Structure formats: C-alpha cells, structure tokens
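Visitor: One predicted model, sequence on top.
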Amino acid sequence: MKNISILTPAKINLTLQVLKRRPDNYHEIYTIFQKITLFDEIEITKGSPSFHLEFISSENIPLEKNLVFKAYQLFKNTFEIKDEVSIKVKKNIPIGAGLGGGSSNASGTLQGLAELFEINPKSLFNLARNLGADVPFFLSPYSSAIGEGIGDILTPYPSFPAWYVLIYPGFKVETKWAYESLNLKKPKKPLYYSQNIPPWYQPQGLINDFKNLIFERFPKLKKYENFLKDLGAIATGLSGTGSTIFGVFENKPDFFKLNRVKILEKDGKIFIVKNLS
C-alpha cells in the first residue's frame, strides 16, 4: 500500500466586502485571503480493501456530510478510479470558525489523491470550484490572494510579514445566517486595496462587512477585540463571517500575556501564527 501525508493550512480573510447577491443566491465578494501557519494533517493510503474515513477531532464530524468525503467522491467519479483509499484527518483548525479548515481539507484531499493516482494537478481546479468558493484558493500556489467573484477568481497579493493572534471563542457562526442577515439591498463597488503596503496600514483599514452584525449578536467578541488592542495589535479583524477574531502584530506576542484571555472564555482556543510564505 502507498500513502501520502499532507499539511493543510488555515486562512484568514484580512478583508471581506460583500458586493451583490447573484441570481444563484451566491454573493459576489472582494476579499484578501491569507494562508497561515495553523494546519490540519491528512494521511491518505492507497490500496485499502474498502473506503475508510476517520477524523481525529474533539468535535463530532458527520462522515458523509463533510468536504473531505465530497472531494473523494468527486475525484473518484471524475477520473473513474477503481481502487479504494483510507483517509485519516487530524483536526487542529476549529470547525465553523471562519478559518477555512473544511475547504483546506478538501483541497488537500484532491492534491493527495492526484499524486497517488498520477492525475495532472491542473485538472483539479474545476473540481475545487464545485466543492466550495474557498477551495480554489487553497489549491492555488498563492500564500495570499485577492478573491473576487464568489471568491474563486484569484489575483496574487503580497504576503506581508506579520504575526497574528487568533481567538476562537468556542462557538460557530452559521455562514448562511450571516449572509441572509446582512440583508444587502443593492449592489456596491468595493474599496480596493493597494499591493504596495500592508492592508492594515491602508486608510480604509481591515474592512469586514459582517463585523457589526456579528458583534451585535455576539458581544463577547468585542471584548476579545479590545483585549487584542490592549495587547498592542496594529489592527484587528474578523475572519470570514466569524467567529474567529484576529489581531495583527509586527513581532511575535508574548504568550504569557495571552493567558489573561483564558479567564474570558471556557471552550475557546488561542493560536499564535504567522503568514505562510
């Protein structure tokens, strides 16, 4: 049996602007994706007597409703693969946190399967688009990119050096609820970001159109944002539709100072990460 191991990174949305609702109920967006040094681990073994999928996670993950399973099915059907595989996923990225763990896992699964079955990786992008709006970014070689369309039209963007403190509060925000509650009435044009200086130093700051909505429903997140500002963050933001809050730092923050935020949360997690380059 042949196997392959893959690290699949998380991402943050440094910015996220929602421009219009499309007839297919997706939304046009303008976002800056950034891959970060927080990873899930995937091991795929070729030659298994039957398909097997296992998650090592503190959370319950339905085996047939996740993107890894969908990626496997799509790959198998598209390329008419007869051999079966065993897939093991060790989850470190919180689920439903706005960090793209599921999309990253799907991308890593496609890449691993392509290598094991000697499929041209260039043929994976159409599959990625069918799996989710964020999956093409994880499949791309870019550490950072501007995402347009539904997030699948990518333009490389500089990966400006930075450290991030991520605070995951221990609960999820439903993406469908967030978009519906945004209640976008008419199309708008984005505020564009220059590639010459980091987005957190640009006049418009780190725009996230969901921030006020999410903070109003989950006021605890405002406490975490204030904590990050007190810690010396250059800027703060909400990743995707949440629920993770992040602070941007020029230098690696003192981990011991972060222990104070543990008092504010019970089920949450804190990560200190930097750009994946």
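Guide: Great, that's in hand. Numbering: from 1, shown residues only.
Visitor: Which segments of this structure make up each domain?
Guide: 2-156, 163-274 (automatic domain parsing).
Visitor: Quick one: distance of stretch 215-233 to the chain centre.
Guide: 20 Å (Cα atoms, centre = their mean, to the nearest Å).
Visitor: same deal with stretch 48-59?
Guide: 22 Å.
Visitor: ditto for stretch 119-127
Guide: 20 Å.
Visitor: contacting residues around that stretch?
Guide: 71, 74-75, 78-79, 110-111, 113-115, 136, 139 (Cβ atoms under 8 Å, 6 or more residues apart in numbering). All C-beta spots, glycine's among them, are computed from the backbone N, C-alpha and C.
Visitor: For residue 181, identify the helix or strand it belongs to.
Guide: helix 175-182 (DSSP states H and E).
Visitor: Show residues contacting that helix.
Guide: Residues contacting helix 175-182 (Cβ under 8 Å, 6+ apart): 18, 27, 209-210, 213-214, 240-242.
Visitor: Reformat these as TSV; add pLDDT, neighbour count and distance to residue 269.
Guide: Shown next, in TSV, are the contacts of helix 175-182 (pLDDT from 0 to 100; neighbours: other Cβ atoms under 10 Å; distance: Cβ to Cβ, whole Å):
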residue	pLDDT	neighbour count	distance to residue 269
18	97	21	27
27	93	18	28
209	97	22	25
210	97	23	21
213	96	20	23
214	96	22	18
240	95	25	16
241	94	26	18
242	88	27	14
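Visitor: Cross these against helices and list the overlap.
Guide: Among those, DSSP state H puts 213-214 in helices.
Visitor: Out of the contacts of helix 175-182, which is nearest to residue 36?
Guide: For the contacts of helix 175-182, the residue nearest residue 36 by Cβ to Cβ is residue 240; the value is 12.9 Å.
Visitor: excluding its backbone neighbours, what's nearest that closest one?
Guide: Leaving aside its sequence neighbours, residue 240 sits nearest to residue 98 (Cβ to Cβ, 6 or more residues apart in numbering; 3.3 Å).
Visitor: Would you agree the one you found falls within a helix?
Guide: No - counting by DSSP: H, G, I helix; E, B strand; the rest coil, residue 98 is not found in a helix; it is coil.
Visitor: Make 108 the first number, not 1, from now on.
Guide: Renumbered: residue one is now 108, and that last one reads residue 205.
Visitor: so it makes contact with residue 344?
Guide: No - counting by Cβ atoms under 8 Å, residue 205 does not reach residue 344; the two are 10.1 Å apart.
Visitor: ok, back up a step: most tightly packed of the domains of the chain?
Guide: Among the domains of the chain, judged by mean count of other Cβ atoms under 10 Å, the one packed with the most neighbours on average is domain 109-263 (a mean of 19).
Visitor: First residue to last residue on that one, what's the distance there?
Guide: By Cα to Cα, to the nearest Å, the extent of domain 109-263 from end to end equals 34 Å.
Visitor: Distance from it to the middle of the chain?
Guide: 10 Å.
Visitor: hang on, the earlier thing: worst mean pLDDT among the domains of the chain?
Guide: Here the domains of the chain differ in mean pLDDT, and the lowest is domain 270-381 at a mean of 90.
Visitor: Now the spatially most central residue of the chain. Nearest residue, chain neighbours left out?
Guide: Residue closest to the average C-alpha location in the chain (Cα atoms, centre = their mean): residue 207, at 2.1 Å. The shortest distance from residue 207 to any non-neighbouring residue, by Cβ to Cβ, 6+ apart, is to residue 118 (4.3 Å).
Visitor: Confirm that the one you found sits in a strand.
Guide: Yes - secondary structure of residue 118 (three-state DSSP): part of a strand.
Visitor: Would you agree it is in contact with residue 241?
Guide: Yes - using Cβ under 8 Å, residue 118 is in contact with residue 241, at 7.2 Å.
Visitor: joint contacts of those two?
Guide: Joint contacts of residue 118 and residue 241 (Cβ under 8 Å, 6+ apart) are 140, 207, 211.
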